[in-house]
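J.: test case, fold it:
(one chain, ligands or ions: 1)
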Amino acid sequence: MLTTRPRGTNDLLPKEIEKWHYLESILRQVAALYGYQEIRTPIFEHTELFQRGVGESTDIVEKEMYTFLDRGERSLTLRPEATASTVRAFLEHKLYAGSLPLKFYYVGPMFRYDRPQAGRYRQFHQFGVEAFGSQDPGLDAEVIAMAMDIYERLGLHDLVVELNSVGCPHCRQAHRQVLQEYLKEKVTALCVTCQGRFAKNPLRILDCKNAHCRKLVAEAPTIEQMLCEECRDHFQLVQEYLQELQVPYTLNPSLVRGLDYYTKTAFEIVAQGIGAQSSIGGGGRYDDLIEECGGPAMPGIGYAMGLERILLTLEEQGVVLPTQAKTQIFLAALGEEAQKIGAGLAQELRKAGVIVERDYLGRSLKAQLKAANRLQTAITVILGEEELAKGAAVVRKMQEGRQKVVPLPELVAYLVRENKGGDMDE
Ligand code: AMP
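T.: Sure, this is the predicted structure:
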């Protein structure tokens with residue numbers, strides 16, 4: 001136990017963290033381009049927030065939440081997603097009183113007691129955006145375009161935007177009735193989960209992954225035929241905007257998504273050919289959620305993308321992300337006096353913006369040069385007794401194998417210049 005992490009969690013080791021930093025830098029950069037500002041909410045919230053905000057009959061609330069009582073006997077839950085938290089913060093700080101729409105983004109860990117497998121974890125990370133205060137179908141299209149923009153900048157390809165409208169409570173009610181009518185005779189043949197969904201949330205049956213259920217609902221009436229005029233017009237405009245923004249999409253009338261709060265636009269972005277966990281992001285409009293959480297009647301739209309899934313997909317598609325800057329200079333020093341001079345030099349170079357590494361283990365010169373090789377530094381500075389006695393150091397260009405003796409007083413300026421790509425022989 002002491003040396004094993006909890007099931008469904010991951011350690012992000014230094015080797016992988018560079019990819020995360022790069023990914024996060026793209027996310028923040030694109031968020032700024034589209035006018036979204038970061039919000040950071042707590043990792044845990046009052047359990048009721050998710051019960052109300054995500055929906056009692058969702059898989060997340062029914063069986064996936066990490067819920068616990070704190071020492072004051074309050075029921076708290078590790079956030080399974082961040083839309084409800086963002087809405088809560090928006091209401092708590094009365095941000096709706098300012099100018100609208102307000103556009104937020106977040107990046108951070110989410111927690112779901114899911115069955116772990118490749119691409120599905122109990123602690124995973126999401127980047128998401130939420131825009132509150134506008135019903136504009138152009139915003140729906142822009143949010144989808146923004147998600148695609150991120151994926152494309154990262155180098156992902158073969159992605160499909162699946163799009164649907166799940167209507168408003170009005171058309172949903174009508175759809176629910178015809179759906180229940182249609183499924184009435186088939187209930188006993190559905191999987192156990194769907195049997196439970198029949199009364200509570202029949203819409204979710206359309207989304208079941210069970211092959212048998214899929215067959216049974218293949219011909220079921222879809223929401224498309226039941227959309228009210230307003231929802232139909234909105235959906236039509238979203239599509240026109242998507243065409244204007246040159247974002248290809250596929251209509252998927254059975255896309256309902258696992259969260260209860262969606263209204264009108266629902267979408268999912270799927271990576272083709274990467275196996276079971278192919279959804280790399282999804283979202284939609286939630287025009288009733290803010291009111292449902294105790295706020296004013298105000299529309300909203302958002303999406304979330306799974307960062308582990310994005311990285312997995314990048315790997316499967318053979319995309320290599322740029323990595324962080326490498327160590328530029330290694331200071332190899334022999335003897336106590338040289339070590340001290342080396343430490344001072346390292347400090348000066350770092351202050352000048354050069355990435356420096358040096359020896360802390362009192363190793364032989366040979367071992368230090370080996371360490372420099374392993375780090376693939378372009379330059380190694382050798383501070384040996386002989387050179388120091390002459391008030392100089394040896395600067396070796398590792399790849400070319402060339403070296404030069406440089407007087408100590410000139411060393412820092414010389415190395416800074418070299419590091420910027422100067423010529424050894426100048
Ligand atoms: P959702 O909040 O369920 O709409 O999920 C949005 C995105 O988060 C999905 O498209 C996935 O990329 C990712 N995601 C959801 N659940 C998990 C999980 N258990 N492990 C890893 N990624 C997940």
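J.: residue in the stretch 251-400 of the chain nearest to the ligand?
T.: Of all residues in the stretch 251-400 of the chain, G306 sits closest to the ligand, at 2.4 Å by CB to the nearest ligand atom. (Each C-beta comes from the backbone N, C-alpha and C, glycine too.)
J.: would you confirm that that residue contacts Q126?
T.: Yes. Applying CB atoms under 8 Å, one finds G306 in contact with Q126, separated by 6.0 Å.
J.: interface residues of the stretch 251-400 of the chain facing the ligand?
T.: Contact residues, the stretch 251-400 of the chain versus the ligand (CB under 6 Å from any ligand atom): G258, S279, I280, G281, G282, A304, M305, G306, E308, R309.
J.: again, only this time at 5 Å
T.: Contact residues (CB under 5 Å from any ligand atom) of the stretch 251-400 of the chain with the ligand: S279, I280, G281, G282, A304, G306, R309.
J.: return the subset of these lying in helices.
T.: When DSSP state H is applied, these are split such that R309 fall in helices.
J.: looking at the residues of the stretch 251-400 of the chain next to the ligand, which are in strands?
T.: Members of those lying in strands (criterion: DSSP state E): S279, I280, G281, G282, A304, G306.
J.: TSV for these, including distance to H93 and pLDDT?
T.: Converted to TSV, those look like this (distance: CB to CB, whole Å; pLDDT from 0 to 100):
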residue	distance to H93	pLDDT
S279	32	92
I280	31	95
G281	27	96
G282	27	96
A304	21	98
G306	28	97
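J.: just the buried subset of those, please.
T.: Listed as buried from these are S279, I280, G281, G282, A304, G306; burial here means 16 or more other CB atoms under 10 Å.
J.: could the residues you listed go into a markdown table alongside distance to G108?
T.: As requested, these are arranged in a markdown table below (distance: CB to CB, whole Å):
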| residue | distance to G108 |
| --- | --- |
| S279 | 19 |
| I280 | 17 |
| G281 | 15 |
| G282 | 18 |
| A304 | 11 |
| G306 | 12 |
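J.: between those residues, which is nearest C168?
T.: Among these, G282 lies closest to C168 (CB to CB), at 19.4 Å.
J.: quick one: contacts for the residue nearest to that closest one when sequence neighbours are not counted?
T.: Leaving aside its chain neighbours, G282 sits nearest to E268 (3.9 Å; criterion: CB to CB, 6 or more residues apart in numbering). By CB atoms under 8 Å, 6 or more residues apart in numbering, the residues touching E268 are V161, E162, N252, L255, R257, S279, G281, G282.
J.: any idea what E268 is bridged to?
T.: For E268, the beta-bridge partners under DSSP bridges are E162, G282.
J.: give me the distance between it and G283.
T.: Look at E268 and G283: by CB to CB, to the nearest Å, they are 8 Å apart.
J.: repeat that for T265.
T.: 8 Å.
J.: what is in contact with those two at once?
T.: I301.
J.: max-length helix in the chain?
T.: Determined from DSSP H, the single longest helix within the chain is helix 14-33.
J.: what are the buried residues along it?
T.: Neighbour counts over helix 14-33 (16+ other CB under 10 Å) mark K19, W20, Y22, L23, I26, L27, V30, A31 as buried.
J.: same question for stretch 213-229.
T.: For stretch 213-229, by 16+ other CB under 10 Å, it's C213, L216, V217, A220, P221, T222, I223, E224, M226, L227.
J.: how about low-confidence regions in the chain?
T.: Filtered on pLDDT under 70, the chain yields the residue ranges 258-259, 274-276, 421-426.
J.: can you pull the domain assignment for it?
T.: In the domain annotation for the chain, the residue ranges read 14-168+228-316, 329-416 (automatic domain parsing).
J.: out of the ones you listed, nearest to E185?
T.: Closest approach to E185 among the domains of the chain is made by domain 14-168+228-316 (19.6 Å; CB to CB).
J.: skip the chain neighbours and tell me the closest residue to L27.
T.: Take L27 and drop its neighbours on the chain: the residue closest to it by CB to CB, 6+ apart is F127, 4.8 Å away.
J.: show the subsequent helix or strand relative to whichever strand or helix holds the one you found.
T.: Assigning secondary structure by DSSP states H and E places F127 in strand 123-132. Downstream of strand 123-132, the first helix or strand assigned by DSSP H and E is helix 137-154.
J.: quick one: buried residues of that next one?
T.: Buried residues in helix 137-154 (16+ other CB under 10 Å): 137, 139-151, 154.
J.: what helices or strands is that helix leaning on?
T.: Counting contacts by 3 or more CB pairs under 8 Å, 6 or more residues apart in numbering; DSSP states H and E, helix 137-154 packs against helix 14-33, strand 123-132, strand 159-165, helix 229-244, strand 263-271, strand 279-285, strand 300-306, helix 307-316.
J.: got the phi and psi for K366?
T.: phi -60, psi -50 (degrees, to the nearest 10).
J.: with I60 instead?
T.: With angles defined as degrees, to the nearest 10, I60 sits at phi -60, psi -50.
J.: what's the spacing between it and G362?
T.: 55 Å.
J.: give me the more crowded residue out of these two.
T.: Legend: neighbour count by other CB atoms under 10 Å for I60 and G362, higher for I60 (19 against 12).
J.: you'd agree that one is up against R112?
T.: Yes. Counting by CB under 8 Å, I60 does reach R112; the two are 6.3 Å apart.
J.: what residues are shared contacts of these two?
T.: Common neighbours of I60 and R112 (criterion: CB under 8 Å, 6+ apart): P80.
J.: can you count the residues close to the closest residue to I382 other than its chain neighbours?
T.: Excluding the flanking residues, the one nearest I382 by CB to CB, 6+ apart is V394, at 4.1 Å. Each residue near V394 was counted by other CB under 10 Å, and the total is 16.
J.: got it, and G35?
T.: 12.
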